[in-house]
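Just need the structure, nothing else, for what follows:
(one chain, ligands or ions: 1)
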Amino acid sequence: MNPAPPTPIEALDEAQAASELAELAAAIARYDRAYHELDAPLISDAEYDLLRRRNDAIEARFPHLIRTDSPSRRVGSAPATGFSKVVHRVPMLSLGNVFAPGEFAEFCARARRFLGHSAPFAMVGEPKIDGLSLSLTYAHGRLLRAGTRGDGSEGEDVTANVRTIAAIPARLKGEAPALIEIRGEVFMTKADFLALNASQERTGGKVFANPRNAAAGSLRQLDATVTAGRPLSFFAYAMGESSEPVAATHWAYLERLRQWGFAVNPLSRHVENETDAPAFQAEMAERRAGLAYDIDGVVYKIDDLGLQGRLGFVGREPRWAIAWKFPAEQATTKLLDIQIQVGRTGALTPVAVLEPVNVGGVLVTRATLHNEDEIERLDVRVGDSVRIQRAGDVIPQVLGVVAEARPAGTHAFQFPRRCPVCGSHAVRAEGEVVWRCSGGLTCPAQVEERLIHFVSRGAFDIEGLGEKSVHEFHELGWIRSPADIFKLPAREAAIAQLEGWGEQSAANLLRAIGERRRIGFARFIYALGIRRIGAANAKLLARHYTDLNTFIERMREAVDPASEARAAVTSIIGIGPAIAEELAEFFGEARNVEALLELADVVEIEPEEGAGDGVLAGKTIVFTGTLPTLSRPEAKALAERHGGKVTDSVSKRTDFVVVGADAGSKARKAAELGVTVLDEEGFRALLTREPSA
Ligand code: IVH
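Numbers count the residues shown, from 1 in each chain. Alright, predicted model coming up:
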């Protein structure tokens with residue numbers, strides 16, 4: 001039987017959702033029995049995962065329809081191959097960093113500009129523990145599901161393990177909403193970490209590099225009884241989705257968390273006025289060494305949850321919270337060598353190979369030297385003693401040379417003029433600091449790096465196709481371009497013959513490839529590995545151009561810097577001239593376009609979520625002048641949240657021009673072109689209309 005393709009979750013009505021949840025519960029129970037009790041699986045792990053994910057996704061949209069026999073409520077039925085997935089309806093994001101009072105003040109000023117506010121913010125300061133963030137969903141006060149952050153939109157289901165952590169309540173005390181997701185940090189204290197490592201050493205177990213790794217390793221155990229034996233702690237600090245509002249301020253929310261039975265970091269402080277944050281920061285820096293756990297800074301959150309909602313997110317970071325980090329930790333060690341790495345865009349990056357040194361609990365063996373100019377500026381030479389620093393998650397950096405310690409006979413480093421991988425000429429463009437290999441897609445380092453990026457998590461996410469196999473298949477000449485990956489099924493027998501493969505692994509790989517033939521448009525663009533097009537920019541492009549043909553057509557036109565298409569890309573807010581230039585460079589190379597068209601033939605691209613829905617879907621909007629209540633960034637975010645595209649310049653393709661006070665030439669141009677002109681009120685009215693009117 002060939003089932004009809006499933007209805008998109010957004011299109012399900014309640015009755016359909018309820019009936020599908022019933023079917024899924026019955027089917028999954030049957031598959032679980034076959035798998036666990038009879039050891040005779042009826043479907044593949046991947047097919048099973050798909051069903052569970054669909055079940056989770058429907059439940060996330062219709063929490064009131066969660067059944068008592070829902071598969072998400074049963075534990076211990078995850079496939080033995082790993083954890084099943086949890087989808088985060090409200091993405092789990094990261095935080096921007098600041099390091100100095102001025103940067104912190106600038107963060108506050110940005111938020112104020114966004115809101116069009118003038119009063120200083122009340123904030124909450126919370127010590128930032130470097131552990132793992134965890135999402136806990138409670139239905140009617142009972143712990144239903146626990147998930148790791150994963151890539152922010154999808155994490156691992158660690159419910160069974162989390163049930164063994166004493167610091168996490170299985171039931172919320174007192175009144176609780178029908179559905180609430182609570183977030184916080186799982187961590188290990190310094191003392192628990194040392195004791196665990198000592199005992200691991202005695203018993204020949206794994207020794208962990210730092211408390212964070214120990215916490216992660218302990219939580220992500222397939223056997224929950226192992227987690228149960230590990231000393232994990234937890235502080236709750238954030239909100240995910242909720243079926244009803246639970247507080248008006250973050251401070252009040254923390255109080256509710258305490259009432260529900262969570263540990264909330266007792267050092268958290270209500271900072272009445274943002275200008276008091278530097279004093280709190282200094283106090284925490286002072287107390288840092290004496291704390292039972294490692295902290296690397298303080299997280300400041302704007303207290304008013306209403307303002308948080310309006311501020312929203314930019315890229316992967318909230319506009320309402322910031323991590324103010326303590327100064328980076330430094331150490332001195334010896335520079336053993338300078339190696340040149342070739343990245344997927346052909347950039348030659350010098351890397352310092354160091355005598356291993358412990359920097360704030362992490363063993364550092366390599367550090368970046370950035371580029372030729374940096375090496376010259378520091379006059380760093382092989383054999384020197386160098387000062388290095390590690391700040392947060394960033395790659396360690398070389399800060400400088402200990403001049404007095406320079407041994408005799410060193411010489412200045414000569415930056416190579418050829419690519420160390422393919423031998424092509426290296427070029428350094430006028431005004432740029434980076435040397436690049438000119439070998440393009442013929443340079444193995446670039447091809448392999450591009451392919452590795454192509455199959456990586458945020459891109460095509462092909463399980464079982466890691467760096468090693470990409471290298472192997474590339475060496476064999478089986479994959480030279482991304483499209484070749486989708487032609488691997490023709491080589492199934494040959495793959496099975498390779499050392500370390502076999503029929504089962506080959507079949508698994510091909511299944512994984514098959515599953516990824518359908519891909520969202522933004523991921524597709526991101527997968528191309530164009531410089532400066534990270535996930536956030538890919539999303540902007542995907543929403544703007546909606547389909548591949550339009551995108552390719554416009555990008556080829558945009559190769560001409562004087563074209564209207566170039567002006568149009570540059571006018572997408574968030575995409576500046578430098579990014580447009582990178583796009584033009586990529587699309588100006590015929591081989592790239594060829595590879596892209598070849599790829600388009602073998603995959604199926606789905607329009608970006610949000611591009612096709614919302615009342616403003618497919619509409620282009622220009623804002624001009626000062627609106628009475630909405631700041632410009634807020635207006636833009638609002639339009640985008642409803643599926644619209646916001647650009648800077650008015651053309652015949654513009655659908656609406658929203659004008660405020662002192663609007664200039666754009667309002668005139670709109671009138672000339674006959675484009676609909678609205679004021680803020682008209683714009684707001686538009687948003688409350690039914691879609692596709
Ligand atoms: S709030 C959208 N509060 O820091 C904001 N995060 O760099 C979500 N972290 O992934 C985070 N202490 O693992 C928040 N008091 C705190 C935190 C905290 C530690 C971690 C968390 C997050 C990371 C972001």
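
Every contact and neighbour count from this point should use C-alpha atoms.
Will do.

Only the buried residues of the longest strand seen in the chain, if you could.
Across the chain, the strand with the greatest residue count (assigned by DSSP state E) is strand 329-342. Buried residues in strand 329-342, counted by 16 or more other C-alpha atoms under 10 Å: 330-342.

same thing with stretch 340-357?
For stretch 340-357, by 16+ other C-alpha under 10 Å, it's 340-355, 357.

quick check, nearest of the buried residues of strand 329-342 to residue 303?
residue 330 (33.9 Å; C-alpha to C-alpha).

Now do the contacts for the residue lying closest to the closest one once chain neighbours are set aside.
Excluding the flanking residues, the one nearest residue 330 by C-alpha to C-alpha, 6 or more residues apart in numbering is residue 389, at 4.2 Å. Taking C-alpha atoms under 8 Å, 6 or more residues apart in numbering, we find residue 389 in contact with 328-331, 359, 396-399.

Equivalent analysis for residue 504, please.
Contact analysis of residue 504 by C-alpha under 8 Å, 6+ apart lists residue 496.

State the helix or strand in which it lies.
Per DSSP states H and E: residue 504 is located in helix 502-515.

so residue 198, which of the three states?
For residue 198, the assignment made with DSSP: H, G, I helix; E, B strand; the rest coil gives helix.

That one and residue 291: what is the separation?
Residue 198 sits 21 Å away from residue 291, going by C-alpha to C-alpha, to the nearest Å.

My guess is residue 162 contacts residue 146. True?
Yes: if you go by C-alpha atoms under 8 Å, residue 162 and residue 146 touch, sitting 6.7 Å apart.

Relative to the ligand, how far out is residue 149?
Distance of residue 149 to the ligand, given as C-alpha to the nearest ligand atom, to the nearest Å: 7 Å.

any low-confidence regions in the chain?
1-5, 33-41, 45-46, 73-81, 209, 360-362, 391-395, 440-442, 609-613, 690-693 (pLDDT under 70).

what residues does it put near the ligand?
Residues of the chain lying near the ligand by C-alpha under 6 Å from any ligand atom: 93-95, 126-130, 132-133, 185, 237-238, 299, 318.

Which residue is the nearest non-sequential neighbour of residue 669?
Using C-alpha to C-alpha, 6+ apart, the closest residue to residue 669 is residue 650 (6.9 Å).

which phi and psi does the one you found have?
For residue 650, the backbone dihedrals (degrees, to the nearest 10) come out as phi -90, psi 130.

Pull out the buried residues from the residues of the chain next to the ligand.
Using 16+ other C-alpha under 10 Å, the buried ones in those are 93-94, 126-130, 132-133, 185, 237-238, 299, 318.

ok, now which ones touch whatever residue of the stretch 401-550 of the chain ends up closest to the ligand?
Residue nearest to the ligand within the stretch 401-550 of the chain: residue 536 (15.9 Å; C-alpha to the nearest ligand atom). Going by C-alpha under 8 Å, 6+ apart, residue 536 touches 315-316.

circling back: over to the residue nearest to residue 330. Which of the three states is it?
Residue 389 is classified as strand under three-state DSSP.

Bridge partners for it, pull those for me.
The partner list for residue 389 in beta bridges (DSSP bridges) reads residue 330, residue 397.

do the same with residue 626
Here residue 626 sits in beta bridges with residue 661, as judged by DSSP bridges.

Quick check: it vs the ligand, distance?
Note on residue 626: its distance to the ligand, by C-alpha to the nearest ligand atom, is 30 Å.

For stretch 461-474, what is the spacing between the initial and final residues?
Termini of stretch 461-474 sit 18 Å apart (C-alpha to C-alpha).

Show me which parts of that stretch are buried, residue by residue.
461-465, 470-471, 473-474.

do stretch 676-689 as well
Buried, per 16+ other C-alpha under 10 Å, within stretch 676-689: 677-680, 683, 686-687.

Show residues contacting that stretch.
The contact list for stretch 676-689 (C-alpha under 8 Å, 6+ apart) reads 615-616, 627-628, 630, 642, 655-660, 667, 670-671.

Show me the helices in the stretch 351-500 of the chain, by range?
Applying DSSP state H, counting those that start in this stretch to the stretch 351-500 of the chain gives helices spanning 372-378, 444-455, 467-475, 482-485, 492-497.

highest average neighbour count across the ones you listed?
Highest mean neighbour count among the helices of the stretch 351-500 of the chain (mean count of other C-alpha atoms under 10 Å): helix 444-455, with a mean of 23.

between that helix and helix 467-475, how big is the angle?
Taking axes from the mean of the first three to the mean of the last three C-alpha atoms, to 10 degrees, one finds helix 444-455 and helix 467-475 inclined to each other by 130 degrees.

May I have helix 444-455 exported as CSV, CA atoms only?
Once non-C-alpha atoms are left out, helix 444-455 reads as follows in CSV (Å, rounded to 0.1, in the frame of the first residue of the first chain):
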residue,chain,number,x,y,z
PRO,A,444,40.4,18.7,-3.2
ALA,A,445,40.5,20.6,0.0
GLN,A,446,37.7,22.9,-1.2
VAL,A,447,35.7,20.2,-2.8
GLU,A,448,35.9,18.0,0.3
GLU,A,449,35.2,20.8,2.6
ARG,A,450,32.3,21.9,0.6
LEU,A,451,30.9,18.4,0.5
ILE,A,452,31.4,18.0,4.2
HIS,A,453,29.5,21.3,4.8
PHE,A,454,26.9,20.1,2.3
VAL,A,455,26.0,17.0,4.3
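
So which elements touch it?
helix 467-475, helix 521-527 (3 or more C-alpha pairs under 8 Å, 6 or more residues apart in numbering; DSSP states H and E).

Next SSE downstream of the last one?
Translated: helix 521-527. Note on helix 521-527: by DSSP H and E, the next helix or strand toward the C-terminus is helix 535-545.

what angle sits between the next helix or strand after that following helix and helix 535-545?
Where DSSP H and E defines the elements, the next helix or strand beyond helix 535-545 is helix 548-558. Helix 548-558 and helix 535-545 are oriented at 100 degrees to each other (the same axes, to 10 degrees).

List the buried residues of the helix or strand that helix 548-558 is followed by.
Following helix 548-558 in sequence order, the next helix or strand is helix 564-571 (DSSP H and E). Using 16+ other C-alpha under 10 Å as the test for burial, helix 564-571 gives 565-571.

likewise stretch 602-609?
Residues 602-603, 605-608 are the ones in stretch 602-609 that count as buried (16+ other C-alpha under 10 Å).

Show me what counts as buried in the helix or strand hosting residue 519.
Using DSSP H and E, residue 519 sits in strand 518-520. Buried residues in strand 518-520, counted by 16+ other C-alpha under 10 Å: 519-520.

Outside of that strand itself, list whatever touches it.
460, 603-609.

hmm, 10 Å instead?
The contact list for strand 518-520 (C-alpha atoms under 10 Å, 6 or more residues apart in numbering) reads 459-461, 524, 539, 542, 602-609.

on that earlier part again, where do the contact lists of residue 162 and residue 146 overlap?
Taking C-alpha under 10 Å, 6+ apart as the criterion, residue 162 and residue 146 both touch 134, 136.

any idea where the strands of the stretch 1-150 of the chain begin and end?
For the stretch 1-150 of the chain, the strands defined by DSSP state E, counting those that start in this stretch cover 85-87, 96-98, 123-129, 132-139, 142-148.

and the angle from the longest one to strand 142-148?
Put simply, strand 132-139 runs at 150 degrees to strand 142-148, going by the same axes, to 10 degrees.

strand partners of strand 132-139, parallel vs antiparallel please.
Each strand paired with strand 132-139, and its direction, by DSSP bridges: strand 142-148 (antiparallel), strand 179-187 (antiparallel).

Quick one: closest of those to residue 450.
Per C-alpha to C-alpha, nearest to residue 450 of the strands paired with strand 132-139: strand 142-148, 28.3 Å.

Who are the packing partners of the helix or strand just after the closest one?
The helix or strand immediately downstream of strand 142-148 is strand 154-156, counting by DSSP H and E. Applying 3 or more C-alpha pairs under 10 Å, 6 or more residues apart in numbering; DSSP states H and E, one finds that strand 154-156 makes contact with strand 85-87, strand 132-139, strand 142-148.
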